[in-house]
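S.K.: what's the 3D shape of this:
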Amino acid sequence: MTNRTITRPTSNPATVTTTDTTTESRGEFGPGYDVSRLTPAQVASLSPRQVLQLSPRQIAAFSPRQIASLSPRQIASLAPKQVLSLAPKQIASLAPKQIASLSPKQIASLAPKQIASLAPKQIASLAPKQVLSLAPRQVASFAPKQILAFSPKQIASLAPKQVASLAPKQIASLAPRQIAALSPKQIAQLSPAAVAKLPTSM
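M.R.: Presented below is the predicted three-dimensional model:
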């Protein structure tokens, strides 16, 4: 087992920090460990295995700065229950490259309130396979301004059941290039109220 060195700050910021050398197998981040003591640099040094050892409560205790320091590899190692524990402000702190590293299973675990916290640039970073992993209730939770952030390629990747979940106000927010990306099969899944929001020239 390879030793990993983690520097933990002391309670007095003015003093020099101490260094503990531990192995990953000793579970130094048990359920009772206060992760708020870790600096962003220390969080970034955690192995995927150590990240996976953190409880949902510990993940929820990370500050937005700590969350932003996680690498795409660390983000990809999160279990669905850990992803679900992320607060909206933590979700909002994720960089597009971190969002892009989420697996379809992780995307599917996001609660509607987490979906609602995604910024347009984060939504634009979703790959078609990530978009396809969204449940209808997740698609329905997108605000009109979020829907507008979808690229034509992302719109074209929506499954029929996802398209069927789009509300009239979401359809009304689509730009012409997004509407042009809808296939006849997708349009056939829209409710009559949603179809009424499409341009009459279609």
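
S.K.: isn't V35 right up against L54?
M.R.: Yes - when contacts are counted by Cβ atoms under 8 Å, V35 is listed as touching L54 (6.8 Å). All C-beta spots, glycine's among them, are computed from the backbone N, C-alpha and C.

S.K.: so for the two, which residue has more residues nearby?
M.R.: L54 (22 against 19; other Cβ atoms under 10 Å).

S.K.: the more buried one and Q82 touch, don't they?
M.R.: Yes - with contact defined as Cβ under 8 Å, L54 counts as touching Q82 (6.9 Å).

S.K.: mind showing which ranges of this structure have poor pLDDT?
M.R.: For the chain, the stretches with pLDDT under 70 are 1-29, 201-202.

S.K.: for Q162, give its distance to P152.
M.R.: 15 Å (Cβ to Cβ, to the nearest Å).

S.K.: neighbour count winner among those two?
M.R.: Each of Q162 and P152 has its neighbours counted (other Cβ under 10 Å); Q162 has more, 20 against 14.

S.K.: correct me if wrong: the more buried one contacts A140.
M.R.: No - judged on Cβ under 8 Å, Q162 makes no contact with A140 at a distance of 9.1 Å.

S.K.: quick one, strands of this protein?
M.R.: Using DSSP state E, the strands of the chain run over residues 3-8, 18-23.

S.K.: quick one: contacts for the nearest residue to A79 once chain neighbours are set aside?
M.R.: Spatial nearest neighbour of A79, chain neighbours left out: L52 (6.3 Å); criterion: Cβ to Cβ, 6 or more residues apart in numbering. Residues near L52 by Cβ atoms under 8 Å, 6 or more residues apart in numbering: S77, L78, A79, Q82.

S.K.: possible to save these as a markdown table with neighbour count and distance to I107?
M.R.: Below are the contacts of L52 laid out as a markdown table (neighbours: other Cβ atoms under 10 Å; distance: Cβ to Cβ, whole Å):
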| residue | neighbour count | distance to I107 |
| --- | --- | --- |
| S77 | 20 | 15 |
| L78 | 24 | 12 |
| A79 | 16 | 13 |
| Q82 | 20 | 14 |
